[in-house]
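Engineer: have a look; sequence and predicted model below, questions after that.
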Amino acid sequence: MKKRWMLQTKKADFNEIAKKYGIHPVTAKCMVNRGVFSDNEIAKYLHGTTETLSSPWLMKDMEKAIDVILAYKDKGAAIASDFDCDGIFSAVILKKGFEECGIKSRIYTPDRVAEGYGLNQRIVDEALTEGVGFLITCDNGIAANAEIKYAKEKGLPVVVTDHHEVQEEVPKADAVVDPKQEDCKYPFDGLCGAGVAFQLIGALYERMGVDQKKREELLEYAAIATVADVMELRGENRVIVKEGLKRLKSTANHGLRAMLEVQDLQDKEMKAYHIGFVIGPCFNAAGRIDTVEKAFSLLNAKNYNDALALAAELKEINDTRKQMTEDATKEAFEILENSDKMEKDVYVVLLPDCHESLVGIVAGRIKEAYHHPVIVFTQVEDGLVKGSGRSIESYHMFEKLMACHDLMVRFGGHKMAAGMTLREADLPELERRLNEEAGLKEEDFHPVLDIDVALPISRITEALIADLEKLEPFGTGNPKPVFAEQHFRILRAIKRGKFKNVLSLKVANQEGTVMDAICFERIEELEQLIRDEWGEEELQKVYAGKDNQVDLGLAYYPSVNEYGGFRTLQLVVTDFCRVTRG
């Protein structure tokens with residue numbers, strides 16, 4: 001998809017910042033481009049630790065929540081979790097935190113297919129039968145008004161910990177800890193469910209006199225959930241992930257160690273990428289197409305060999321999920337391309353036979369391909385459909401769907417994603433309303449590629465590349481920097497890899513600086529651009545390593561390629577375009 005290149009123009013004295021904080025001016029500019037300006041923000045961004053996290057007591061109802069937990073701790077807790085990565089790890093944080101404080105607990109999760117997301121009456125009834133002292137939710141509960149009312153009527157104290165948007169009213173629980181509440185004074189509202197649980201356990205430890213260093217043992221769980229739930233890696237999330245990644249490499253948890261081994265990550269430096277695209281999907285897959293209990297069994301494994309077997313099973317489940325996703329995505333693209341839906345602003349697609357746990361992934365794939373808001377539905381029982389949506393920056397999906405709340409049987413979400421259940425008969429009306437009220441312009445459907453610095457490749461050094469690593473962890477809200485330069489000649493191009501899906505290039509800029517480059521995706525698109533602009537003959541010259549007329553602008557990230565004992569500078573190509581010579 002063609003992107004609009006936009007050079008970032010935020011102003012600051014980058015040389016002064018670089019001098020003050022011992023970083024490269026290019027690194028300083030990238031940091032400022034991410035909205036980090038003040039001395040306090042820069043210090044936290046570069047050197048933030050758990051000590052710079054806000055006090056958990058600033059969260060609304062935190063005091064009440066701890067009071068409830070301590071008042072009923074002798075009878076134990078029912079932890080009402082969810083089946084995704086954030087739900088899994090927020091529950092583990094609560095359970096391990098309660099264990100440290102001598103509080104027995106059991107984790108309850110809904111059946112994804114039979115019961116759907118969040119707290120339900122069956123969980124409440126089981127908790128009552130178990131005779132627990134209180135029920136606490138994690139990564140859910142803010143929309144469970146009816147279920148919480150039922151629990152309270154049965155005499156069960158309820159604490160809600162969540163991070164989702166408040167809907168029509170806050171549930172009438174004994175305590176509701178959710179930084180998204182309007183009157184919550186906690187200064188950072190971007191935590192995931194595990195981040196909120198992490199802070200609650202910090203408050204509990206403080207009240208019970210437990211060393212706060214024990215809380216740091218829970219950081220790796222909060223880090224995995226934060227990345228896997230696609231939270232913005234800014235502010236406190238950045239600290240949680242940065243510190244959690246440090247602990248993950250040497251984790252004492254048998255399950256996590258086993259997962260690293262089966263994914264061949266045990267000797268690699270852990271990055272947010274590994275959580276988002278390797279580890280997180282395995283835990284998510286358990287709750288999607290099998291049972292979430294396997295994920296909990298892995299994380300609670302007492303024997304490493306048992307953990308290895310479970311980790312291998314989760315990996316296999318995820319491999320199955322990948323193939324199911326590919327099949328469903330192919331079907332979705334065919335439906336779109338053979339209908340009038342692509343003429344609309346909001347894409348609403350029904351995949352009758354898709355596994356309901358995959359609709360969100362498919363929606364994400366379509367959104368990435370076409371840069372439109374997308375909601376994918378599948379049929380469930382009793383004439384109902386379940387859907388999951390993924391949005392673009394200029395479309396607040398939660399607000400738009402809230403305006404259609406009367407059509408919903410169940411609904412929840414935030415700006416960029418949402419999940420819902422409604423009657424299949426109401427699907428055309430939902431599609432009509434969403435498109436009538438979309439409020440989108442043509443430019444909204446063309447993604448912007450923000451260029452941090454127009455950087456000639458002659459300025460790239462290993463020292464600069466090492467300095468840029470201070471900006472990690474990269475991810476949503478803190479993207480990897482993008483640099484660009486105009487007018488590259490391609491001296492040579494070779495397709496590599498088992499499936500010939502990696503393009504290795506040697507390029508030269510106008511100054512005559514020659515450098516290796518590598519392109520991991522959109523190779524066919526690049527080839528077509530060359531054909532369209534310069535012709536098939538010039539493309540063949542590129543692959544033959546002959547002089548050619550191709551003149552490209554490249555967006556890139558610099559890296560060091562280590563091979564055969566040698567280290568060479570290399571460009572990882574992010575995007576490409578034709579540049580008109582002035």
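Structural biologist: Noted; the coordinates are in hand. Numbering: from 1, shown residues only.

Engineer: so how far is residue 190 from residue 167?
Structural biologist: Applying C-beta to C-beta, to the nearest Å, the value for residue 167 to residue 190 is 19 Å. From N, CA and C alone the C-beta is placed, and that goes for glycine too.

Engineer: quick check: closest non-adjacent residue to residue 48.
Structural biologist: residue 239 (4.3 Å; C-beta to C-beta, 6 or more residues apart in numbering).

Engineer: now the element after the helix or strand containing the one you found, going C-ward?
Structural biologist: Element membership of residue 239 [criterion: DSSP states H and E] is helix 235-248. Toward the C-terminal end, the helix or strand that comes next after helix 235-248 (DSSP H and E) is helix 254-262.

Engineer: any idea of the mean pLDDT in that next one?
Structural biologist: Across helix 254-262, pLDDT averages out at 97.

Engineer: could you list every helix and strand that it packs against?
Structural biologist: helix 293-299, helix 304-337 (3 or more C-beta pairs under 8 Å, 6 or more residues apart in numbering; DSSP states H and E).

Engineer: hey, which of these is tucked in deepest?
Structural biologist: A comparison of the helices and strands packed on helix 254-262 by mean neighbour count, using mean count of other C-beta atoms under 10 Å, puts helix 293-299 on top with a mean of 21.

Engineer: elements contacting that one?
Structural biologist: Taking 3+ C-beta pairs under 8 Å, 6+ apart as the contact cut, helix 293-299 packs with helix 85-100, helix 254-262, helix 280-289, helix 304-337.

Engineer: what's next to that helix, contact-wise?
Structural biologist: 88, 91-92, 107, 109, 253, 255-256, 258-259, 283, 286-287, 307, 310-311, 313-314, 317 (C-beta atoms under 8 Å, 6 or more residues apart in numbering).

Engineer: list the contacts for the most centrally placed residue in the chain?
Structural biologist: When the chain is reduced to its mean C-alpha position, the nearest residue by C-alpha atoms, centre = their mean turns out to be residue 230, at 1.7 Å. If you count contacts by C-beta under 8 Å, 6+ apart, residue 230 has them with 276, 416-417, 475-476.

Engineer: for the residue lying closest to residue 34 once chain neighbours are set aside, which phi and psi angles does the backbone take?
Structural biologist: Beyond its immediate neighbours in the sequence, the residue positioned closest to residue 34 (C-beta to C-beta, 6+ apart) is residue 478, lying 6.0 Å away. Phi and psi for residue 478, reported as degrees, to the nearest 10, are phi -140, psi 70.

Engineer: what sits opposite residue 552 in the beta ladder?
Structural biologist: residue 488, residue 578 (DSSP bridges).

Engineer: and it, what does it touch?
Structural biologist: 487-488, 490, 576-579.

Engineer: all helices for the stretch 101-250 of the chain, in order.
Structural biologist: All helices of the stretch 101-250 of the chain, identified by DSSP state H, counting those that start in this stretch, fall at 121-130, 145-153, 193-208, 219-228, 235-248.

Engineer: so which of these is the most packed in?
Structural biologist: helix 219-228 (a mean of 29).

Engineer: mean confidence score for that helix?
Structural biologist: On average, helix 219-228 scores 97.

Engineer: also stretch 475-492?
Structural biologist: 96.

Engineer: one step back: got JSON lines for the helices of the stretch 101-250 of the chain, with distance to residue 511 too?
Structural biologist: Shown next, in JSON lines, are the helices of the stretch 101-250 of the chain (distance: least, C-beta to C-beta, whole Å):
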{"stretch": "helix 121-130", "distance to residue 511": "65"}
{"stretch": "helix 145-153", "distance to residue 511": "64"}
{"stretch": "helix 193-208", "distance to residue 511": "47"}
{"stretch": "helix 219-228", "distance to residue 511": "39"}
{"stretch": "helix 235-248", "distance to residue 511": "36"}
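
Engineer: of those, which approaches residue 355 most closely?
Structural biologist: Of all the helices of the stretch 101-250 of the chain, helix 219-228 sits nearest to residue 355, with 19.1 Å by C-beta to C-beta.

Engineer: CA-only coordinates of the closest one in CSV, if you can.
Structural biologist: Provided in CSV are the C-alpha atoms of helix 219-228 (Å, rounded to 0.1, in the frame of the first residue of the first chain):
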residue,chain,number,x,y,z
LEU,A,219,7.4,-7.5,36.0
GLU,A,220,8.0,-10.1,33.3
TYR,A,221,4.3,-11.0,33.4
ALA,A,222,3.2,-7.4,33.1
ALA,A,223,5.6,-6.8,30.3
ILE,A,224,4.3,-9.7,28.2
ALA,A,225,0.7,-8.6,28.7
THR,A,226,1.5,-5.0,27.8
VAL,A,227,3.1,-5.9,24.5
ALA,A,228,0.7,-8.7,23.6
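
Engineer: so what touches that helix?
Structural biologist: Where contact means C-beta under 8 Å, 6+ apart, the residues beyond helix 219-228 that reach it are 50, 84-86, 88-90, 92-93, 96, 191-195, 197-198, 233, 237, 240-241, 243-245, 247-248, 251, 253, 256, 272, 275-276, 279-281, 283-284, 473, 475.

Engineer: one more: stretch 410-426?
Structural biologist: 116-118, 142-143, 164-165, 167, 230, 350, 360, 375, 379-380, 383-391, 396-399, 401-402, 405, 407-409, 430.

Engineer: give the buried residues for it.
Structural biologist: 411-413, 416-422, 426 (16 or more other C-beta atoms under 10 Å).

Engineer: that stretch - what's its average pLDDT?
Structural biologist: Per-residue scores along stretch 410-426 average to 90.

Engineer: end-to-end on it?
Structural biologist: 13 Å (C-alpha to C-alpha, to the nearest Å).

Engineer: please apply the same query to stretch 64-81.
Structural biologist: Using C-alpha to C-alpha, the two ends of stretch 64-81 sit 20 Å apart.

Engineer: can you check stretch 221-238 too?
Structural biologist: Across stretch 221-238, first to last residue, C-alpha to C-alpha, it's 14 Å.

Engineer: again with stretch 516-525
Structural biologist: The first-to-last residue distance of stretch 516-525 comes to 20 Å (C-alpha to C-alpha).

Engineer: which residues sit against it?
Structural biologist: Contacts of stretch 516-525 (C-beta under 8 Å, 6+ apart): 495, 501-507, 526, 554, 556, 561, 568-573, 576.

Engineer: in helices only, show me the residues you listed.
Structural biologist: Mapping these onto helices (DSSP state H) picks out residue 526.

Engineer: nice, that's everything, thank you.
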